[in-house]
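Colleague: Pasted the sequence and its predicted model underneath.
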Amino acid sequence: MFVTPERLNAWYMESGLLDAITPGTEDDVREATAVREAVYRLVTDRRLGEEFDREALAVVNAGARKTPVIPQLTLGGRHAEGTTGQALATVARHAVELLSGPDVPLMKECGNPECTRVHIDRSRGMRRQWCGMESCGNKIKAAAYRARKKTAPTASAH
């Protein structure tokens, strides 16, 4: 998703981190990609019960030490604007909170073999398989339905 500065900015806006953002650069894309990969590594380490990768830990902690987005209360409600650096610092801080918090046992990787997203499973019985029904869940269910229809015996008229 972070292939261009514009896509990175769009992701920050779509995620609700910012309501307005200053334009980003290619360096911002590289830094965001590095933090994303470090977070993924740490999430994987935590899910597998392994010790955190020290290099990934250093990347996320360095990001978390920077100035985050500072939301403001306005007459219209909450408003947050900032830079891509502030948005990335906020993401790193969220990762620190997630990986040190009570939701760690609820983290699962999406059951779609083509997806690498991790989600928090708060479903009853903890049986959620996909990152989201609107994306991976529907794709997997539709493919399974088509496969069943293809292999189902057809009724022949005698």
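Modeller: Alright, I've got the coordinates. Residues are numbered from 1 along each chain as shown.
Colleague: what helix or strand is residue 150 on?
Modeller: Residue 150 is part of helix 138-151, with elements assigned from DSSP states H and E.
Colleague: so where is this structure shaky, pLDDT-wise?
Modeller: 133, 137-146, 152-158 (pLDDT under 70).
Colleague: longest helix in it, by residue count?
Modeller: helix 26-47 (DSSP state H).
Colleague: what's the distance between it and the middle of its chain?
Modeller: Computed by C-alpha atoms, centre = their mean, to the nearest Å, the chain-centroid distance of helix 26-47 equals 10 Å.
Colleague: what's the answer for stretch 9-16, then?
Modeller: In terms of C-alpha atoms, centre = their mean, the centre of stretch 9-16 is set 12 Å apart from its chain centre.
Colleague: Over to stretch 21-38?
Modeller: Taking C-alpha atoms, centre = their mean, one finds stretch 21-38 lying 15 Å from the centre of the chain it belongs to.
Colleague: Point me to the residue sitting closest to the centre of the protein.
Modeller: residue 117 (6.1 Å; C-alpha atoms, centre = their mean).
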